[in-house]
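> Sequence first, then the predicted structure, then my questions.
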Amino acid sequence: MDIDHLIYWFFTHPEKEDSQKARKLWQGKEYKELLLLLGQSHDSHTRLIFHSALFQIIFLIFTLYIFTSGGSYFGSGLAAGINLHLLKDEWEEYFEKKYNHLNDWLFWQLKRKIGLKQQKNFIVLMLSIFLGLSLLV
């Protein structure tokens, strides 16, 4: 799920200071330090493709397909893990009262500010849909 942070560093914003540091760590094969850098700088990354409301809706539809297709438990677990990761990130931002930051990284594709109540309603709706889908497994 955090692959979009690598895309941010190496492709979409290579001019940023943390992107240049990440490139040096990657070239030096210092992967542990790269993960530490990700932990320190992930709040400054906005407009990530996998951390958006549109991606979450599309991925929930994809998750429905995975859960109902009778595929492997590995695929179902992977889809569930990705959904849980995104929901965890959303709840953390919401409860830390970072409403503007949540607007910048979750609802950036809407090109307008989403109010506090609408943010909560969206997160609760996504959680409810995910829990409903989880009953299929």
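Here it is on my side, so go on.
> Name all residues that make contact with F55.
I49 (CB atoms under 8 Å, 6 or more residues apart in numbering). Yep, even glycine has a C-beta here, placed from its N, CA and C like the rest.
> Find out how far the helix or strand containing it is from the centre of the chain, if you would.
Assigned by DSSP states H and E, F55 falls within helix 53-68. Its chain's average C-alpha position is 13 Å from that of helix 53-68, according to CA atoms, centre = their mean, to the nearest Å.
> In that helix, which residues are buried?
53, 55-56, 59-60, 63, 66-67 (16 or more other CB atoms under 10 Å).
> List just the nearest of these to N103.
Each of these was scored against N103 by CB to CB, and A53 proved nearest at 10.3 Å.
> Would you map out the domains in this protein?
For the chain, automatic domain parsing gives the domain ranges 3-44, 53-134.
> After the helix holding F55, which helix or strand is next?
helix 73-95.
> Contacts for that following helix next, please.
1, 50-51, 56, 59-60, 62-63, 66-67, 101-102, 105-106, 119-120, 123, 126-127, 130, 134, 137.
> Just the local confidence number for Y99, please.
Looking at Y99, its pLDDT stands at 69.
> K113 too?
84.
> swap in L64?
L64 is given a pLDDT of 91.
> Kindly report the same for L25.
92.
> do the one 4 residues further on as well
If you check K29, the pLDDT there is 92.
> cool, the one 10 residues further on as well?
We note a pLDDT of 85 for G39 in this prediction.
> Does it lie in a helix or a strand, and which?
Residue-wise, G39 maps onto helix 31-41 under DSSP H and E.
> For stretch 126-137, list the C-alpha coordinates in CSV.
Provided in CSV are the C-alpha atoms of stretch 126-137 (Å, rounded to 0.1, in the frame of the first residue of the first chain):
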residue,chain,number,x,y,z
MET,A,126,-16.1,2.6,4.0
LEU,A,127,-15.6,0.7,7.3
SER,A,128,-19.2,-0.6,7.2
ILE,A,129,-18.8,-1.7,3.6
PHE,A,130,-15.5,-3.5,4.4
LEU,A,131,-17.0,-5.2,7.5
GLY,A,132,-20.0,-6.3,5.3
LEU,A,133,-17.6,-7.7,2.7
SER,A,134,-15.6,-9.4,5.4
LEU,A,135,-18.7,-11.5,6.3
LEU,A,136,-18.4,-13.1,2.8
VAL,A,137,-15.1,-14.7,3.6
